[in-house]
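A.B. asks: sequence isn't available, so here's the structure alone:
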């Protein structure tokens, strides 16, 4: 039984720690790798299929190094810190209760011990639900920000295709080798995005109750 209590207390730490780490990584890495929508496909010509003229772009770099991508990353990191602070007090209280229950387990009757453990597990589950709610709220706010950036990127990509005579854009991560940097439109896309969009205000998610 004491082992079970230890595992319950440890699970509380893992839940909040894992959630905060998720927020942080999504705020930087996740944001940076979000894909912009591909340009709308043109009507297929009635003649022969045109030869492919391929361009590549690093979608991760666009979100990592563009001004708006960095702005979004800072906001998500702030939200993750806020979530950690908001949930930290309850996490510490659960840790203390779990430790106390572990220490008292041997002196409790089987019936009392079972009731105490069941009550503690219910509190833990309620706390996990709060963490999941906060995670979902931040994910939703981040998705809205990505969509706003993607809408700005779409005409930029179309223009790049027209200027360079391309008809296909591939993610650089999917291209094993490119013989020339001229295929890579990433720097130009970042420059154009910075000229059109430097910041985006993330909608503040409601704190989990």
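C.D. replies: Perfect, I can see it now. Values in this document were obtained by computation on a predicted structure and should not be read as measured data. Numbering: from 1, shown residues only.

A.B. asks: list the contacts for the residue of the chain positioned farthest from its centre?
C.D. replies: Centroid-distance maximum for the chain: residue 109 at 46.0 Å, with CA atoms, centre = their mean. Shown in contact with residue 109 (CB atoms under 8 Å, 6 or more residues apart in numbering): no residues. (C-beta placed from N, C-alpha, C; glycine too.)

A.B. asks: can you tell me how far residue 131 sits from residue 124?
C.D. replies: Distance of residue 131 to residue 124, computed by CB to CB, to the nearest Å: 11 Å.

A.B. asks: between those two, which has more neighbouring residues?
C.D. replies: Comparing residue 131 with residue 124 by other CB atoms under 10 Å, the one with more neighbours is residue 131, at 22 against 18.

A.B. asks: wait, that one touches residue 90, no?
C.D. replies: No: contact between residue 131 and residue 90 fails when scored by CB atoms under 8 Å: they sit 9.7 Å apart.

A.B. asks: for this protein, name the helix or strand with the lowest mean pLDDT.
C.D. replies: Every helix and strand of the chain was ranked by mean pLDDT, DSSP states H and E. The lowest is helix 31-32, at a mean of 38.

A.B. asks: state the mean pLDDT of the very next helix or strand once past that one.
C.D. replies: Using DSSP states H and E, the helix or strand that follows helix 31-32 towards the C-terminus is strand 54-57. Averaged over strand 54-57, pLDDT sits at 86.

A.B. asks: buried residues, strand 54-57. List them.
C.D. replies: Buried residues in strand 54-57, counted by 16 or more other CB atoms under 10 Å: 55-57.

A.B. asks: again, but for stretch 128-136
C.D. replies: For stretch 128-136, by 16+ other CB under 10 Å, it's 128, 130-131, 134-135.
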